[in-house]
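1. Kindly return the folded structure for what I paste below:
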Amino acid sequence: MTSEFVLEAINREFSEAVISSSEPYGFLTVEVKKEELKKVIHHLKESSLNFMFLTDICGIHYPDHKEKELGVIYHLHNLQENFRIRIKSFFPKDNAEVDSITDLYSGANWMERETYDFYGITFKGHPDLRVILNMEELGYHPLLKEYALEDGTRTDKDDSMFGR
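-> Residues are numbered from 1 along each chain as shown. The predicted model follows:
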């Protein structure tokens, strides 16, 4: 199995869905439209491509790119061929919602909840989308790059010790 073979198979079925593709560090990465994301992942799993293992789901935040401010990234693995693929999809922050894939991969349950918890990305159709790692009363999503990394009101530390 090669990156060219997998990319050709995706393009054959979803030519309108693929926005871009690349192969950083030998790892096939395909960006797809948000509306087609679940269909593409379903095809990767159920077709002869056989991506039966969901390695990870994570969010990403690019605050300077308003049309592609938030994104969700899926890492899938074909264990028989030992071939991995990364699927990305981006969207504006005010439309941070994608279809859940818990019906395709049961392991997606926890990963989608974690992504919701830290980035605020909603997964439509998720059976129990709620906060799992942060406190419910926290009221914000801590991995968004909107918050200061340090408390500016602290007076008990000397930044000169850290080269600042």
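
2. can you pull out the strands in this protein?
-> Along the chain, the segments classed as strands by DSSP state E run 18-22, 28-32, 53-61, 70-78, 83-91, 97-99, 122-124.

3. what packs against the fifth one?
-> If contacts are counted by 3 or more C-beta pairs under 8 Å, 6 or more residues apart in numbering; DSSP states H and E, strand 83-91 sits against strand 28-32, helix 37-46, strand 70-78, strand 97-99. All C-beta atoms are positioned from the backbone trio N, CA, C, and that covers glycine.

4. gap between it and the chain center?
-> 7 Å (C-alpha atoms, centre = their mean, to the nearest Å).

5. How about residue 74: what's its closest non-neighbour residue?
-> Nearest residue to residue 74, sequence neighbours excluded (C-beta to C-beta, 6 or more residues apart in numbering): residue 87, at 4.4 Å.

6. Ends of stretch 5-21, what's the gap?
-> 13 Å (C-alpha to C-alpha, to the nearest Å).

7. Give me the average confidence score over it.
-> Average pLDDT, stretch 5-21: 93.

8. Tell me which residues of it come out buried.
-> 6, 7, 9, 10, 14, 17, 18, 21 (16 or more other C-beta atoms under 10 Å).

9. Which ones among these map onto helices?
-> The helices, defined by DSSP state H, take in 6, 7, 9, 10 from those.
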